[in-house]
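Participant: could you work out the structure for the sequence below:
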Amino acid sequence: MDLALDLVMVGFETLPILSKVTGDNLSTGCEYCQNRAVYIVANK
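Facilitator: Below is the predicted model:
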């Protein structure tokens, strides 16, 4: 998760927004470790 946060901050020069994934509303896993995602890291 640290890498994802760093990439958003460097790429968009803003603090990321973290949203906790609830239920089965996400069809993909983490793009870094391929496990089931717990948070979505976004810039908007």
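
Participant: so what's Arg36 closest to, chain neighbours aside?
Facilitator: Spatially, and ignoring its direct neighbours in sequence, Arg36 is nearest to Gly29 (5.5 Å; CB to CB, 6 or more residues apart in numbering). To be clear about C-beta, it is placed using only N, CA and C from the backbone, and glycine gets the same treatment.

Participant: backbone phi and psi for the one you found, please?
Facilitator: Backbone torsions of Gly29, given as degrees, to the nearest 10, read phi -100, psi -170.

Participant: now do the same contact list for it.
Facilitator: By CB atoms under 8 Å, 6 or more residues apart in numbering, Gly29 lies in contact with 35-37.

Participant: these in helices, which ones?
Facilitator: Among the contacts of Gly29, no member falls in helices (DSSP state H).

Participant: can you list these in CSV and add neighbour count?
Facilitator: Output for these, formatted as CSV (neighbours: other CB atoms under 10 Å):
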residue, neighbour count
Asn35, 8
Arg36, 11
Ala37, 17
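
Participant: and which of the residues you listed is nearest Lys44?
Facilitator: Proximity of the contacts of Gly29 to Lys44 was ranked by CB to CB; the top entry is Ala37 with 17.9 Å.

Participant: do I have it right that the closest one meets Thr28?
Facilitator: Yes. Counting by CB atoms under 8 Å, Thr28 is a contact partner of Ala37 at 7.2 Å.

Participant: in this structure, where is pLDDT below threshold?
Facilitator: Residue ranges of the chain with pLDDT under 70: 24-27.

Participant: can you show me the strands along it?
Facilitator: 17-20, 39-42 (DSSP state E).
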